[in-house]
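> starting from these lines, generate the structure:
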Amino acid sequence: MHGLLRGVKPLFEAGWPVKENDHLKPRKKLLVDITATKTGLDKAILLANDFFKALESGGHRVMLSTAYGRRPTPNVHEKPAKRNEQWECSRFWSPQRSTVVYFGEVAIGLSIIEMTESVLMRYVRGKYIRESEYVEPKRTRGYTEHTWTTTNELPTGRYRIMAYSTERLVDYSMSWQDTPDMRLNMKNIINSLQPFVDELLVRLEEARKQKEMRQRKWEEEQEQRRKEEDSRRIEQSICDSRDGLAKVMQDWAYTLSVEEFFKGVEKRAKSADVPEARRQKILTRLRLAREFLGTQDPVDFLMSWRTPLERYQPKYPK
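Next comes the predicted model:
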């Protein structure tokens, strides 16, 4: 028995509870990639053993992947069917790491899958049986058997081998499967894998080029965005500096007018025609007004103003 397959049967069987005829869901995640029902598990392990040994006889290493790569959700339908990827992903067990075979330095993912077929089933006396096995009972007076039919997916005992790219850049796979008249031919599968690897390398190279192009385009777009943002902030700093200078001028003019007002009041209070008592009241009010406004030096306003370069340093100076 191949090293990946020794002692795996109990691990597959001691898994999460599943319905009759459903594929097993082992609790252990670091296992060989086999998707099979309880009744088909033995044949799946023997098939995997023959396949792995045939590959290694040809000089190709079979092992668990050392990286966490891409693994497509297994398609268990014997005939092509419309698939709900999200539902099927949660329906089936998936290993923690792919089972891979190395062709040179290229790792190819491998999956062994027991297929299912759509079968017309009839519900009879508390359980489902195949419609082909149903024998209608003899009619008796006053008794009618209540039954109905439905379509279920049942295991076929036939298997599919899927090879796939573990690289996330490329969604590429190939599969071979049993038919009712012919079993899988290991030699033909192995001979088909080298062209698969050659095509995969071509697709990977093209995918990497496309990724580099997308990366460069993204970087150019980000650079253009940064330049536009820099230009916007430069313009904003100029506007803010202009508005700030205008406010300094307004504050300066206001301060000068206030100071002229205070000087006028003080001069008027000290004139000879103002009684002493009134003069003291005016000067007291004037002192209170000055204390209220505080010391206002117009030069301080100018010193607080900032130039555009003091507000923002351009990253792309023109």
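> could you point out where the stretch 201-318 of the chain is predicted with low confidence?
For the stretch 201-318 of the chain, the stretches flagged by pLDDT under 70 are 295-296, 318.
> wait, the stretch 1-150 of the chain
Short version for the stretch 1-150 of the chain, where the test is pLDDT under 70: 80-90, 133, 138-145.
> do a quick rundown of the strands in the chain.
Taking DSSP state E as the test, the strands found in the chain are 15-16, 25-26, 34-35, 62-64, 99-103, 106-124, 127-130, 148-165, 173-177.
> export these to TSV and tack on mean neighbour count and distance to Asp251?
From N, CA and C alone the C-beta is placed, and that goes for glycine too. Formatted as TSV, the strands of the chain follow (neighbours: other C-beta atoms under 10 Å; distance: least, C-beta to C-beta, whole Å):
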stretch	mean neighbour count	distance to Asp251
strand 15-16	12	77
strand 25-26	16	77
strand 34-35	28	79
strand 62-64	18	76
strand 99-103	21	75
strand 106-124	20	73
strand 127-130	13	90
strand 148-165	17	70
strand 173-177	16	74
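> out of the ones you listed, nearest to Ala207?
Of all the strands of the chain, strand 148-165 sits nearest to Ala207, with 9.4 Å by C-beta to C-beta.
> just checking: what are the partner strands of the closest one?
strand 106-124 (antiparallel), strand 173-177 (antiparallel) (DSSP bridges).
> okay if I get those strands as CSV plus distance to Arg97?
Listed next are those as CSV, based on distance: least, C-beta to C-beta, whole Å:
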stretch, distance to Arg97
strand 106-124, 10
strand 173-177, 17
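> so for Ala269, which of those sits nearest?
Here strand 106-124 is closest among the strands paired with strand 148-165 (C-beta to C-beta), at 98.5 Å.
> okay, the closest one in PDB with CA atoms only?
C-alpha atoms of strand 106-124 as PDB (Å, rounded to 0.1, in the frame of the first residue of the first chain):
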ATOM      1  CA  VAL A 106       5.600  21.100 -11.700                       C
ATOM      2  CA  ALA A 107       3.000  19.900  -9.100                       C
ATOM      3  CA  ILE A 108      -0.300  18.600 -10.400                       C
ATOM      4  CA  GLY A 109      -3.200  18.200  -8.100                       C
ATOM      5  CA  LEU A 110      -5.000  14.800  -8.000                       C
ATOM      6  CA  SER A 111      -8.400  13.900  -6.800                       C
ATOM      7  CA  ILE A 112     -10.100  10.400  -6.700                       C
ATOM      8  CA  ILE A 113     -13.900  10.800  -6.800                       C
ATOM      9  CA  GLU A 114     -16.700   8.300  -6.600                       C
ATOM     10  CA  MET A 115     -19.400   9.400  -9.000                       C
ATOM     11  CA  THR A 116     -23.100   9.500  -8.500                       C
ATOM     12  CA  GLU A 117     -26.100   9.200 -10.900                       C
ATOM     13  CA  SER A 118     -29.600  10.400 -10.800                       C
ATOM     14  CA  VAL A 119     -32.000   7.600 -10.000                       C
ATOM     15  CA  LEU A 120     -35.700   7.500  -9.800                       C
ATOM     16  CA  MET A 121     -36.700   6.400  -6.300                       C
ATOM     17  CA  ARG A 122     -40.000   5.300  -4.800                       C
ATOM     18  CA  TYR A 123     -41.000   5.800  -1.200                       C
ATOM     19  CA  VAL A 124     -42.500   2.600   0.100                       C
END
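> give me the contacts around stretch 171-183.
Stretch 171-183 is contacted from outside by 70, 72, 75, 78, 115, 156, 158-165, 184, 188-189, 192, 196, 199-200, 203, using C-beta atoms under 8 Å, 6 or more residues apart in numbering.
> switch to 10 Å and redo it
43, 47, 70, 72, 74-75, 78, 108-109, 111, 113-115, 156-165, 184-186, 188-189, 192-193, 195-196, 199-200, 202-204, 207 (C-beta atoms under 10 Å, 6 or more residues apart in numbering).
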